[in-house]
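S.K.: the following block contains a protein sequence and its predicted model.
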Amino acid sequence: VTHFSSSNQPKELLEVVKNIEIELESRLDTLALPENLSKAAKYAVMNGGKRVRPALSILCCEAVGGTIEQAMPAAIAVEFIHCFSLVHDDLPAIDNDDLRRGQPTLHIKYGEAMAVLAGDLLLPIAYSQLFSETFTTKQQATLTKLLANATSDMVIGQVYDTLGGLPKHLNEQEQLEEIHRNKTGALIQCACEMGAICGGATEEQFNAISTFGRANGLLFQIVDDLIDLHGSTEHVGKATGKDEVAGKTTYPGTIGVEESKRAVQELQKQAESALSTLRTGAETLVSFNLWMAHRTR
Ligand code: IPE
Ligand code: IPE
Ligand code: MG
Ligand code: MG
Ligand code: MG
């Protein structure tokens with residue numbers, strides 16, 4: 001596995017990401033699957049992703065006083081959902097992309113039928129993580145509801161992005177925000193909220209993490225739009241310069257590059273100030289959030 005993308009992440013995170021990788025792979029290894037499906041599922045997951053969402057779950061759990069072990073099953077769950085969303089996002093019927101995380105996309109490697117089905121598989125696999133014995137019954141129920149809602153929002157966002165159907169009463173900029181908050185923001189916010197639940201957050205802590213996650217989630221997709229515009233395929237590991245050609249609704253395309261960068265700065269500040277009420281160690285979370293605002297892939 002080539003970690004083409006993790007080199008510029010905060011150093012404290014390298015160990016966390018390594019643990020996430022180990023856990024993802026060992027979960028996939030426990031599944032009794034036909035060899036072709038097993039290979040495809042591993043190809044979809046163990047391929048050098050940045051692991052932003054599971055890292056957020058873990059850091060948010062720690063920020064409310066929990067441990068990495070407490071957050072790990074939820075962290076893995078959200079990454080499985082994310083990987084499924086990428087496999088389907090790349091399909092010819094959606095974004096039609098040939099390159100993902102520096103390698104041929106799943107449908108290029110194993111065919112479209114397998115890409116559809118391997119994506120389908122990752123969905124139940126994700127939910128099964130949430131019934132881990134490390135959680136109380138109440139935590140299991142809360143986590144399942146959070147992830148189910150965020151997964152639905154992601155699908156709704158993908159429909160808005162690809163097929164339209166946005167509420168008519170929204171103006172252009174509100175529609176743009178609605179697409180991004182659904183297709184990408186919801187799952188990132190959920191990753192943060194699940195981390196807080198795993199760490200046994202108080203209501204006040206949960207609300208702080210939720211506000212942090214909401215700002216951070218929108219920020220993430222605006223940065224993704226900017227990277228599509230300015231990044232090279234070689235550096236980013238996926239085709240760039242595609243959004244405009246495909247007629248996608250993006251932040252730089254709608255409000256311009258400078259305004260988009262300003263929005264990122266504003267959201268980064270919002271995210272950071274949401275954390276100021278947490279008395280435990282949110283330093284790594286703050287530096288991770290800064291990295292998310294300035295990342296180039
Ligand atoms: C890409 O997500 C798709 C979006 C939702 C913007 P990431 O940039 O987190 O992709 P990986 O997981 O690191 O490949
Ligand atoms: C992806 O948005 C959102 C998903 C739910 C996967 P993009 O289509 O912009 O993501 P990339 O640029 O292909 O990674
Ligand atoms: Mg897309
Ligand atoms: Mg895409
Ligand atoms: Mg993109």
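M.R.: Alright, I've got the coordinates. Ligands and ions are numbered 1, 2, ... in the order given.
S.K.: which residues touch the closest residue to ligand 2 within the stretch 101-250 of the chain?
M.R.: Per Cβ to the nearest ligand atom, Lys183 is where the stretch 101-250 of the chain lies closest to ligand 2, at 4.4 Å. No exception for glycine: its C-beta is placed from N, CA and C like everyone else's. Neighbour list for Lys183: 154, 156-158, 160-161, 221 [criterion: Cβ atoms under 8 Å, 6 or more residues apart in numbering].
S.K.: and stretch 219-229, does that touch ligand 4?
M.R.: No: using Cβ under 5 Å from the ion, stretch 219-229 stays clear of ligand 4, with a minimum separation of 8.6 Å.
S.K.: endpoints of stretch 123-135, how far apart?
M.R.: One end of stretch 123-135 sits 20 Å from the other (Cα to Cα, to the nearest Å).
S.K.: at which residues are the helices of the stretch 51-200 of the chain located?
M.R.: Shown for the stretch 51-200 of the chain, the helices assigned by DSSP state H, counting those that start in this stretch span residues 52-63, 68-89, 106-110, 112-129, 137-163, 172-180, 186-198.
S.K.: and these: which comes nearest ligand 1?
M.R.: helix 52-63 (4.6 Å).
S.K.: contacts for the closest one next, please.
M.R.: If you take Cβ under 8 Å, 6+ apart as the criterion, helix 52-63 is touched by 13, 16-17, 20, 67-68, 70-72, 74-76, 78-79, 82, 187-188, 191-196, 198-199, 205, 209, 212-213, 216, 220, 275, 278, 280-282, 284-285, 288, 292.
S.K.: if we can go back for a sec, I'd like the helices of the stretch 51-200 of the chain as a markdown table, with distance to Ser38 appended.
M.R.: Below are those laid out as a markdown table (distance: least, Cβ to Cβ, whole Å):
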| stretch | distance to Ser38 |
| --- | --- |
| helix 52-63 | 21 |
| helix 68-89 | 14 |
| helix 106-110 | 11 |
| helix 112-129 | 9 |
| helix 137-163 | 23 |
| helix 172-180 | 34 |
| helix 186-198 | 25 |
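S.K.: tell me which of those sits nearest to Gly237.
M.R.: helix 68-89 (11.6 Å; Cβ to Cβ).
S.K.: that closest one near ligand 2 anywhere?
M.R.: Yes: residues of helix 68-89 contacting ligand 2 under Cβ under 6 Å from any ligand atom: 85-86, 89.
S.K.: ok, which residues in the protein are in contact with ligand 1?
M.R.: So the chain meets ligand 1 at 5, 49-50, 52, 82, 101, 184, 221, 224 (Cβ under 6 Å from any ligand atom).
S.K.: okay, how far is it across stretch 272-290, tip to tip?
M.R.: End-to-end for stretch 272-290, by Cα to Cα: 9 Å.
S.K.: tell me the pLDDT of Leu14.
M.R.: On the pLDDT scale, Leu14 is placed at 88.
S.K.: swap in Thr280?
M.R.: As predicted, Thr280 sits at a pLDDT of 72.
S.K.: number of residues surrounding the residue in the stretch 1-150 of the chain positioned nearest to ligand 4?
M.R.: Nearest to ligand 4 in the stretch 1-150 of the chain, going by Cβ to the ion, is Asp95, at a distance of 3.6 Å. Per other Cβ atoms under 10 Å, the neighbour tally for Asp95 reads 21.
S.K.: which residues does it contact?
M.R.: Asp95 touches 89, 162, 242, 246, counting by Cβ under 8 Å, 6+ apart.
S.K.: closest to Leu37 out of the residues of helix 68-89 next to ligand 2?
M.R.: For the residues of helix 68-89 next to ligand 2, the nearest to Leu37 is Leu86 (17.3 Å; Cβ to Cβ).
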